[in-house]
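**Q** heads up, no residue letters with this:
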């Protein structure tokens with residue numbers, strides 16, 4: 001059995017009926033989006049548990065080989081960036097284990113959203129699209145889809161809602177990479193929503209509202 005990743009967990013006031021598993025970016029940790037959760041201003045009635053996992057520490061080539069929290073190694077930036085595909089898939093499997101735990105704790109798979117920022121989003125795409133039970137949605141923030149050419153779309157996700165959010169001034173992950181992600185998701189038969197904002201590699205208030213709206217659509221009463 002896969003060892004579970006350590007996590008930050010934000011519990012709802014009443015027993016959880018839904019869950020968002022939210023993956024941080026390179027060099028951050030599970031606390032990175034902790035302050036964003038209350039900013040979403042989601043209704044308490046949704047009873048969403050937020051699970052914010054910590055990536056393991058590993059040597060990162062871009063960081064001169066020094067260890068830092070990372071979902072996978074990145075060797076080269078740019079649109080044709082080089083990355084460790086085996087490590088990315090392993091991280092996706094660890095996210096599958098967290099999904100399995102939520103199901104065991106009583107949250108149905110179709111009430112679970114995967115979200116991720118930057119390389120966390122790359123893992124969220126792979127983990128979400130390959131998971132064998134229907135999920136509620138995937139959110140890709142300032143990210144890209146590097147395993148588009150190898151991921152096997154599970155038919156349980158044939159109609160999964162996807163939200164892509166990206167900054168027009170992002171110099172870490174250029175917005176062209178997000179547009180490529182949208183095209184590659186469309187090639188899988190999906191219909192992702194695409195939102196752009198005048199910002200760098202970050203989050204902004206307008207984006208937080210769009211994320212909250214997406215969670216409402218995926219996890220609210222209309223999603224029953």
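**A** Sure, I can see it. In this text the structure is predicted, and so the values were computed from the model without any measurement. Residues are numbered from 1 along each chain as shown.
**Q** make it CA atoms for all contacts and neighbour counts henceforth
**A** OK.
**Q** quick one: residue 167 and residue 177, what's the gap?
**A** Distance, residue 167 to residue 177, using C-alpha to C-alpha, to the nearest Å: 11 Å.
**Q** between the two, which is the more surrounded one?
**A** Legend: neighbour count by other C-alpha atoms under 10 Å for residue 167 and residue 177, higher for residue 167 (24 against 19).
**Q** what about residue 176, is that helix, strand or coil?
**A** helix (DSSP: H, G, I helix; E, B strand; the rest coil).
**Q** ok, it - how many residues close by?
**A** Applying other C-alpha under 10 Å, we find 14 residues neighbouring residue 176.
**Q** got a list of what the residue lying farthest from the centre of the chain touches?
**A** What lies farthest from the middle of the chain is residue 64; by C-alpha atoms, centre = their mean that is 26.2 Å. The contact partners of residue 64, by C-alpha atoms under 8 Å, 6 or more residues apart in numbering, come to none.
**Q** next: residue 47.
**A** Neighbour list for residue 47: 12-18 [criterion: C-alpha under 8 Å, 6+ apart].
**Q** pLDDT at residue 1, what is it?
**A** Here, the pLDDT recorded for residue 1 equals 45.
**Q** which one's the longest helix in this structure?
**A** The longest helix of the chain (DSSP state H) is helix 85-104.
**Q** and that one, what's its mean pLDDT?
**A** 98.
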